[in-house]
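> give the three-dimensional model of this entry:
(chains A and B)
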Number of protein chains: 2
Amino acid sequence: MPTSPPAGALYRAPVELARSYLLLNHGPVTLVSSAHRGRRNVMAASWAMALDFNPAKVAVVIDRRTLTRELVDASGEFVLNVPTRALAGLTFTVGNSSGRDGDKFARHGIATAPADRVAAPLIAGCAAWLECRVIPEPRNQQGYDLFLAEVVAAHADPRLFSDNRWHFPDDASRTIHYQAGGSFFATGEAVSVP
Amino acid sequence: MPTSPPAGALYRAPVELARSYLLLNHGPVTLVSSAHRGRRNVMAASWAMALDFNPAKVAVVIDRRTLTRELVDASGEFVLNVPTRALAGLTFTVGNSSGRDGDKFARHGIATAPADRVAAPLIAGCAAWLECRVIPEPRNQQGYDLFLAEVVAAHADPRLFSDNRWHFPDDASRTIHYQAGGSFFATGEAVSVP
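Numbering: from 1, shown residues only, chains lettered A, B, ... in the order given. Just a heads-up that it's a prediction; the model follows:
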């Protein structure tokens, strides 16, 4: 398991925007963090994917009943954080509680660091972070809870992602994929072809 | 590795439409099969995700330069096939060649079976299949190469998916996640919380 960075710090290195799709290509679960005027939240989202290379874009489903939706609608910004296996419990917890019942960061002791380009925080202990600005597409947002966004900054833990490839030194640092009901899969063995 | 089914047959059992999102939730790479008036094709797509539970919907990016796009635009239908590790080589191959250079099924000896509700074929040896009908959203299609579709039938290999959960009996039957350049990850160890 990675050593924890000092409080308020993250192990992060910049990822070229045109390569940021590589952080999501393998389909990990994400944590969507958001903030607006002193309020903040974090929720889990499996329904997130890359949408374009350059300019880098993503698509993510944000349910209209969530506090995250309210904050993203108001701010036009969010961060897709890519949690490690060490954060599987937290990922499940924030995916099954509402920020309307109290600040999840305080309640669950979630450490954060400021993002570079958006107000939403970066969640400590994650493997990667994509800072995103919503591309207004009201028909998608209202009809399908679907948000398209441009990636305006991207970072990854250089111990886990470098030279545009993931490489997991231990099991706790693997990214995770959500199944259902508290059941995840770790990102598994590397398979190279041909 | 699963025993091959008889030619033209598949190991498949129906998956309830409202549960079909579980086939994509963990972010596997997909094979998009399509057909129209005697032409057919298959390409790889990592940028595919569930979009809604009920009616079940998916979102997938289909590049405007591909033959798949031409066939999907013409037919309004496709199948998202979820390949196993045993098909990693094929997944890479069909993701790096064009159906305009000749029928990929014939060239690569890809076995198929008819789908129930769409003309696009089901690819043998896959772990799951989602038969999809495009929800016409021209702005997404033309602006972002993004297709939204309703899932009209879903099936999975019952040896790998049953009781609404994935369970992989051996390494060759695991689903796979695409990284880049011929590099995949197998779906890894199950992680349950809390």
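
> against residue A:57, how distant is residue A:127?
Separation of residue A:127 from residue A:57 (Cβ to Cβ, to the nearest Å) stands at 21 Å. For glycine as for every other residue, the C-beta is placed from the backbone atoms N, C-alpha and C.

> between those two, which one's more packed in?
Comparing residue A:127 with residue A:57 by other Cβ atoms under 10 Å in any protein chain shown, the one with more neighbours is residue A:127, at 29 against 20.

> pretty sure the more buried one sits against residue A:159.
No. Using Cβ atoms under 8 Å, residue A:127 is not in contact with residue A:159; the gap is 9.1 Å.

> who touches both of those two?
residue A:173 (Cβ atoms under 8 Å, 6 or more residues apart in numbering or on different chains).

> okay, strands next: where are they in chain A?
Taking DSSP state E to define them, one finds strands in chain A at A:13-14, A:30-36, A:39-45, A:48-52, A:57-61, A:77-82, A:112-113, A:122-123, A:128-135, A:146-156, A:161-162, A:165-166, A:176-180, A:183-192.

> need those strands in CSV (columns: distance to chain B and mean pLDDT).
Below are those laid out as CSV (distance: least, Cβ to the nearest Cβ, whole Å; pLDDT from 0 to 100):
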stretch, distance to chain B, mean pLDDT
strand A:13-14, 18, 96
strand A:30-36, 10, 98
strand A:39-45, 10, 97
strand A:48-52, 5, 98
strand A:57-61, 6, 98
strand A:77-82, 11, 98
strand A:112-113, 21, 96
strand A:122-123, 17, 97
strand A:128-135, 9, 98
strand A:146-156, 7, 98
strand A:161-162, 10, 96
strand A:165-166, 6, 96
strand A:176-180, 4, 96
strand A:183-192, 3, 98
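
> now these in JSON lines, with distance to residue B:53?
Putting these into JSON lines (distance: least, Cβ to Cβ, whole Å) gives the following:
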{"stretch": "strand A:13-14", "distance to residue B:53": "37"}
{"stretch": "strand A:30-36", "distance to residue B:53": "18"}
{"stretch": "strand A:39-45", "distance to residue B:53": "14"}
{"stretch": "strand A:48-52", "distance to residue B:53": "16"}
{"stretch": "strand A:57-61", "distance to residue B:53": "11"}
{"stretch": "strand A:77-82", "distance to residue B:53": "21"}
{"stretch": "strand A:112-113", "distance to residue B:53": "31"}
{"stretch": "strand A:122-123", "distance to residue B:53": "26"}
{"stretch": "strand A:128-135", "distance to residue B:53": "23"}
{"stretch": "strand A:146-156", "distance to residue B:53": "14"}
{"stretch": "strand A:161-162", "distance to residue B:53": "32"}
{"stretch": "strand A:165-166", "distance to residue B:53": "30"}
{"stretch": "strand A:176-180", "distance to residue B:53": "11"}
{"stretch": "strand A:183-192", "distance to residue B:53": "17"}
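
> quick check, the residue in chain A closest to chain B?
Of the residues in chain A, the one nearest chain B is residue A:27, at a distance of 1.5 Å by Cβ to the nearest Cβ.

> got the confidence number for that residue?
For residue A:27, the pLDDT comes out at 98.

> can you pull the contacts of it?
Contacts of residue A:27 by Cβ under 8 Å, 6+ apart are A:49, A:177, B:26-29, B:46, B:49, B:177.
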